[in-house]
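S.K.: Provided below for reference: sequence and predicted model.
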Amino acid sequence: METKFEIDEELMALDPKTKLWNRWITFLHKQEERSKLREEMLLRDIKSSVPDYDKVGRLSVTELHVLQEVGGKDRVNVTTIAQHIGVTKSAISKITVKLLKKGLLERYQLEDNQKEVFFRLTSAGEMVNEIHEHYHQRLEMDVYRFLDRYNPAELAFLDEVIREATED
């Protein structure tokens, strides 16, 4: 079995692009593992906090983001959710139906406009959204602590790399 030192030594012998590629793949795998662990932790927190969790069942990341979009806002409909999240209106319609059945969202209409349907969180939806918001705050603080080790020039370079890597 290779030791960490032997693996690092092998990487040092590689050309810079190959070395960076190998580190990138390792980074992606670790991020995927961490993401799964964070999602499990989040769902465990939700399960232990929501009284009727059995009715709620498993929540997808997109469902959590729909709840986040609805939370604390007035007059949120399928169109506004789709625009803010970047998902099709058809997908949002399906997700809102699931969230209504799970008891996390409720529908309402304005007295003077019975055509348009809006959504708001139920008390269980508010609880789930609060846990999700807290999760994001902790994650953001962890990232800031990680980035504290870099100087402004290094952060600017990292920003440029990430921006270019995520452009369509």
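M.R.: Noted; the coordinates are in hand. Numbers count the residues shown, from 1 in each chain.
S.K.: Poorly predicted segments of the chain, please.
M.R.: Under the criterion pLDDT under 70, the flagged ranges of the chain are 1-12.
S.K.: where along it do the strands fall?
M.R.: 105-110, 113-121 (DSSP state E).
S.K.: Turn those strands into CSV, columns for distance to Lys89 and mean neighbour count.
M.R.: (Each C-beta comes from the backbone N, C-alpha and C, glycine too.) What follows is the strands of the chain, written out as CSV (distance: least, Cβ to Cβ, whole Å; neighbours: other Cβ atoms under 10 Å):
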stretch, distance to Lys89, mean neighbour count
strand 105-110, 16, 13
strand 113-121, 12, 15
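S.K.: closest one to Thr80 among those?
M.R.: strand 113-121 (9.1 Å; Cβ to Cβ).
S.K.: which helices and strands sit right next to that closest one?
M.R.: Under the contact criterion of 3 or more Cβ pairs under 8 Å, 6 or more residues apart in numbering; DSSP states H and E, strand 113-121 touches helix 61-70, strand 105-110.
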